[in-house]
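[1] make a model of this:
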Amino acid sequence: MGITKLADLIRSDAPDAISYKDITHYTGKVIALDTSIVVNQFRAATPLLSPLTGLFFRTLTFLEHGIKPVFVFDGKPPGEKKAVLEKRAQTAASSQTKECLQLLEYLGVPVIQAPGDAEALCAQLVREGTVHAVASEDMDTLPFGANILIRQLNAKKDSEVIEYSLPKLLEKLQIGRKEFVDLCILLGCDYCEKIPGLGPKRALTLIQKHRTIEDVVLHINKKTHPVPNIWKYREARKIFLDGPQSSAPELIWTEPNEEALVEFLCHTKRVKEERIRNRMVKFRTMRENKREEREKEKAEGGGKQTSIKDFFRVTRKRVQPVDNASSSTSDRKRPKSK
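    I've put the predicted structure just below:
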């Protein structure tokens, strides 16, 4: 579910926090992906086919565009989210997870096991500077603190990548990250119930004026907006703000193992070998063409040419940047009451 109507609210009240990019904008950048979201997309789009096939094609698309994907797997979900997972009935079986891990290993891309929700760890990787952005269709990576969220990251000709900037969003709404988390809880999240009848515009106005859920509750009509009897909003707030307690490993990309991929997808999963072989030929050709284009541009600009081997190098954790998204509300100008 993510955060109910958050994308709509951003489009209407903070459009400057949204930008539209071509997939080539992310060449050379490290992007974290919530694996379960990717797999569920393919399962929904092609229910009669294995999502592994879609994962194979999508990952090669990233690689041939020079994007460095990092796939993050869910760990044990918070107790507050169990009901949501049961309702969705989309949790992949352990055998499916193992197959995804095996496929990604053959593709030569790094994977990380999150201690809890994958989107929480993805957001942490962005905040620490380990990755450039999170690619996910769920908006809840923003309250988890991901400074950059990108959606629709694919290679469709008529599709633009949508990028959300958390610092720009908070600046436009004139709220801090803690207040933004409370706003997302009021909108509706996976970790607790929401106040019935409280729309996104009203929720934003109340947070901008009263700053916390506790104060919002004091200023709403309990008859039209009844507060849930057992409302675990504090637990939800803690989940969003605390984040995972783990450190990311070094990230290493290697060349895809074509023979292992053929053995796994064709001989085990019954995908036509010709289809896999042809896609690998296209992958090598496109990657080489793009490499030559980049080298030509660098040569014309006097830049230093690089080898294709530079793509498959270890990415070490960079120095942690200043987190604008977590600045306190005391440093922000509050809107005037009307």
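[2] how about low-confidence regions in this structure?
    1, 78-93, 155, 157-158, 302-338 (pLDDT under 70).
[3] for Val217, what are its contacts?
    Neighbouring residues of Val217 by C-beta atoms under 8 Å, 6 or more residues apart in numbering: Val227. C-betas here are computed from N, CA, C, even on glycine.
[4] measure it to Leu251 for me?
    As judged by C-beta to C-beta, to the nearest Å, Val217 and Leu251 stand 43 Å apart.
[5] please identify the helix or strand for the residue lying farthest from the centre of the chain.
    In the chain, counting by C-alpha atoms, centre = their mean, Lys223 sits farthest out from the average C-alpha position, at 37.4 Å. Per DSSP states H and E, Lys223 falls between elements, in no helix or strand.
[6] switch to numbering from 24
    All set: I'll call the first residue 24, so the last point we hit is now Lys246.
[7] and it, how far from Pro219?
    Relative to Pro219, and taking C-beta to C-beta, Lys246 is found at 11 Å.
[8] would you map the helices across the stretch 24-173 of the chain?
    Assigned by DSSP state H, counting those that start in this stretch, the stretch 24-173 of the chain shows helices spanning 29-36, 58-68, 74-87, 105-111, 117-130, 141-151.
[9] do the same with the stretch 174-323 of the chain
    Counting by DSSP H, counting those that start in this stretch, the helices of the stretch 174-323 of the chain are 189-196, 200-210, 223-233, 236-240, 256-265, 281-285, 296-323.
[10] do you know which of those lies nearest Thr27?
    Minimum separation from Thr27 across the helices of the stretch 174-323 of the chain (C-beta to C-beta) falls at helix 200-210, 4.9 Å.
[11] contacts for that closest one next, please.
    Contact with helix 200-210 is made by 26-29, 32, 163, 165-166, 168, 189, 192-193, 196, 198, 214-215, 217-218, 221, 223, 226-227, 229-230, 234-236, 239, 256, 259-260, 263-264, 348-350, 352, as judged by C-beta under 8 Å, 6+ apart.
[12] close enough to count as contact, Ala259 and Gly211?
    No: counting by C-beta atoms under 8 Å, Ala259 does not reach Gly211; the two are 10.5 Å apart.
[13] okay, the two: which has more neighbours?
    Neighbours per residue (other C-beta atoms under 10 Å) separate Ala259 from Gly211, with Ala259 holding more: 25 against 19.
[14] for the nearest residue to the more buried one once chain neighbours are set aside, grab phi and psi.
    Using C-beta to C-beta, 6 or more residues apart in numbering and skipping the chain neighbours, the partner closest in space to Ala259 is Tyr214 (3.7 Å). Dihedral pair for Tyr214: phi -110, psi -10, per degrees, to the nearest 10.
[15] so how far is Asn252 from Tyr214?
    Counting by C-beta to C-beta - Tyr214 and Asn252 are separated by 17 Å.
[16] these two: which is more packed in?
    Neighbour totals were compared for Tyr214 and Asn252, and Tyr214 leads with 23 against 6 (other C-beta under 10 Å).
[17] tell me the contacts of Ser42?
    Taking C-beta under 8 Å, 6+ apart, we find Ser42 in contact with 185-186, 188.
[18] and the residues you listed as TSV, adding distance to Pro100 and neighbour count?
    Formatted as TSV, the contacts of Ser42 follow (distance: C-beta to C-beta, whole Å; neighbours: other C-beta atoms under 10 Å):
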residue	distance to Pro100	neighbour count
Ile185	26	17
Glu186	27	20
Ser188	28	22
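[19] what is the nearest of the residues you listed to Asn312?
    Looking across the contacts of Ser42 and measuring by C-beta to C-beta, the closest to Asn312 is Glu186, at 25.7 Å.
[20] report the beta-bridge partners for the closest one.
    Beta bridges link Glu186 to Ser42, Ile173, judged by DSSP bridges.
[21] thought it was touching Ile173?
    Yes: counting by C-beta under 8 Å, Ile173 is a contact partner of Glu186 at 5.0 Å.
[22] find residues that contact each of those two.
    Joint contacts of Glu186 and Ile173 (C-beta under 8 Å, 6+ apart) are 44, 156.
[23] send me stretch 82-96 as PDB with only the CA atoms.
    Listed next in PDB are the C-alpha coordinates belonging to stretch 82-96 (Å, rounded to 0.1, in the frame of the first residue of the first chain):
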ATOM      1  CA  THR A  82      18.400  -6.300 -14.600                       C
ATOM      2  CA  LEU A  83      20.100  -6.500 -17.900                       C
ATOM      3  CA  THR A  84      18.400  -3.300 -19.000                       C
ATOM      4  CA  PHE A  85      19.800  -1.500 -15.900                       C
ATOM      5  CA  LEU A  86      23.300  -2.900 -16.600                       C
ATOM      6  CA  GLU A  87      23.400  -2.000 -20.300                       C
ATOM      7  CA  HIS A  88      22.500   1.600 -19.400                       C
ATOM      8  CA  GLY A  89      25.400   1.700 -17.000                       C
ATOM      9  CA  ILE A  90      23.200   1.600 -13.900                       C
ATOM     10  CA  LYS A  91      24.500  -0.300 -10.900                       C
ATOM     11  CA  PRO A  92      21.600  -2.000  -9.200                       C
ATOM     12  CA  VAL A  93      21.700  -3.300  -5.700                       C
ATOM     13  CA  PHE A  94      18.800  -5.600  -4.800                       C
ATOM     14  CA  VAL A  95      17.600  -5.500  -1.200                       C
ATOM     15  CA  PHE A  96      15.600  -8.400   0.300                       C
END
